[in-house]
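What would the 3D arrangement of this be:
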Amino acid sequence: MSQAFRRLPERARCVLWHVEAEAEDLAVPAGLLGVAPEDAAVKVTHARALLRDACIRAHRETAPDEECRRFSRLLDVSLRRGDVGLDPDLRQHLAHCAHCRHTADQVDHSGGRLASLLAEAVLGWGARAYLASRPGRRTEAGEVADGHGVAGGQGVAEPWAAQGMRLEAGGVPGGSG
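Reported below is the predicted structural model:
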């Protein structure tokens, strides 16, 4: 994630950081970029797509072997659809390949995970405390969201790898969990 985030254009990093990590209103990055808030919303969507593509590109570049590089496109398509269970060969590969499981976890931005992923990529060990300190992460009840966009850690969406790739007895990938 760190490598992918660094590769993004500065404007994409700006809008992602302020909207996702800082949990600020779109007016903040819009003002910094000199665009209307409506245009900033489009830029956020575009920046998320750029980040996803950069994560997949980094996966291919750091893949330990040709098999991982071949599965990268299928992994991307499956994750975009939200179901890695579509292809049995991909499921089998993920069951045995830590590199590709890690990539799938990094590319899964569901359930508000993107804020945590970005903060960890930029800040490392201080990410959780930083996210907890952001005023934009306070809920109406005054609780601090946990970095996944959920107050108090209740109902936090598990990362893709924890949901979809639980191993059944004998090391065979399970269903959606």
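
gap between the residue nearest the centre of the chain and residue 96?
Closest residue to the average C-alpha location of the chain: residue 109 at 3.2 Å, with Cα atoms, centre = their mean. Note on residue 109: its distance to residue 96, by Cβ to Cβ, to the nearest Å, is 25 Å. Quick note: C-beta positions are derived from backbone N, CA and C, even for glycine.

now swap in residue 40 and tell me
Distance, residue 40 to residue 96, using Cβ to Cβ: 42 Å.

Of these two, give the one with the bigger neighbour count.
The neighbour count for residue 40 versus residue 96, taken as other Cβ atoms under 10 Å, is higher for residue 40 (24 against 11).

tell me the contacts of that one?
15, 19, 26-27, 29-30, 33 (Cβ atoms under 8 Å, 6 or more residues apart in numbering).

How about the secondary structure of it?
Here residue 40 takes the helix state, with states given by DSSP: H, G, I helix; E, B strand; the rest coil.

nearest residue to it other than its sequence neighbours?
In space, residue 40 comes closest to residue 30 once its chain neighbours are excluded; the distance is 3.8 Å by Cβ to Cβ, 6 or more residues apart in numbering.
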